[in-house]
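1. Got a sequence here, can you build the structure:
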Amino acid sequence: MSQAMLDLLWRSFWETIIMTGFSSLISLVVGLPLALIMILTERGGLAQNLTVNTILGAIINGFRSVPFIILLVALIPVTRFIVGTSIGTWASIVPLSIAAIPYYARIAEVSLREVDHGLIEAARSMGANRWTIVREVLVPEALPGIVAGFTVTIITLVGASAMAG
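-> You can find the predicted model right below:
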């Protein structure tokens, strides 16, 4: 393999790492709170609000149902507004993130939903407030699923970065 080909391969490798790294970090920072909101506002949740839950669920499902290549094209004006260009490594982070956030939010929501309700009720009966239940019970108990879901999201982003980059 020629040196020019190796240089191109090396540069492309780092571009993929940058796109995947930033997009996955953004999906974690935004997707996990969205999942928590979905769990907390569901029927029987700690902060039941069916209006918020229904609207947020529809938005998440709407973005998840759009194929990435279509989302990539549809977000060109948004990407151009945020980054200043619609091509390149940094520009591809916008559609990758917007695609990954609802994907990860739904995976994290499923992990959070699997937490035994008996643990939540036990914390409630001991006088724990919502934030304490989320911080000390819900997230620690769901952490294996949250991490596994994040891993799946990263792997999905690597594949999607081939279309975006």
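2. switch to C-alpha atoms for all contacts and neighbour counts from now on
-> Will do.
3. Would you state the strands of the protein in chain order?
-> Here the chain has no strands by DSSP state E.
4. What lies in contact with stretch 118-134?
-> Stretch 118-134 is contacted by residues Leu46, Ala47, Val137, Leu138 when judged by C-alpha atoms under 8 Å, 6 or more residues apart in numbering.
5. Distance of the first one relative to Leu34?
-> As defined by C-alpha to C-alpha, to the nearest Å, Leu46 lies at a distance of 15 Å from Leu34.
6. Count the neighbours of Phe13 for me.
-> 11 (other C-alpha atoms under 10 Å).
7. Now do the same contact list for it.
-> The neighbourhood of Phe13, defined by C-alpha under 8 Å, 6+ apart, contains no residues.
8. just the one 10 residues further on next, same as before
-> Each residue near Ser23 by C-alpha under 8 Å, 6+ apart is listed here: Ile93, Val94, Leu96, Ser97, Ala100, Leu157.
9. what's the neighbour count on the closest residue to the second one other than its chain neighbours?
-> If you skip the residues right next to it in sequence, Val94 has Thr79 as its closest partner in space, 6.0 Å away by C-alpha to C-alpha, 6 or more residues apart in numbering. Applying the criterion other C-alpha under 10 Å, we find 21 residues in the vicinity of Thr79.
10. can you pull out the helices in the chain?
-> 3-41, 50-65, 68-74, 76-83, 89-113, 117-125, 130-133, 139-164 (DSSP state H).
11. Would you mark the buried spots in the last one?
-> By neighbour count, and taking 16 or more other C-alpha atoms under 10 Å as the criterion, the buried residues in helix 139-164 are 139, 141-142, 145-146, 149-150, 153-154, 156-158, 160-161, 164.
12. tilt between that helix and helix 117-125?
-> 120 degrees (axes from the mean of the first three to the mean of the last three C-alpha atoms, to 10 degrees).
13. if we can go back for a sec, what's the pLDDT at the residue nearest to Val94?
-> Note on Thr79: pLDDT of 95.
14. Flag the least confident of the buried residues of helix 139-164.
-> Within the buried residues of helix 139-164, lowest confidence goes to Ala164 (80).
15. With adjacent residues omitted, what lies nearest to it?
-> Ser92 (5.4 Å).
16. How many neighbouring residues does that neighbour have?
-> Ser92 has 25 neighbours, counted by other C-alpha under 10 Å.
17. Equivalent analysis for Leu119, please.
-> 14.
18. any idea how far Arg113 is from it?
-> From Leu119 to Arg113 the distance is 12 Å (C-alpha to C-alpha).
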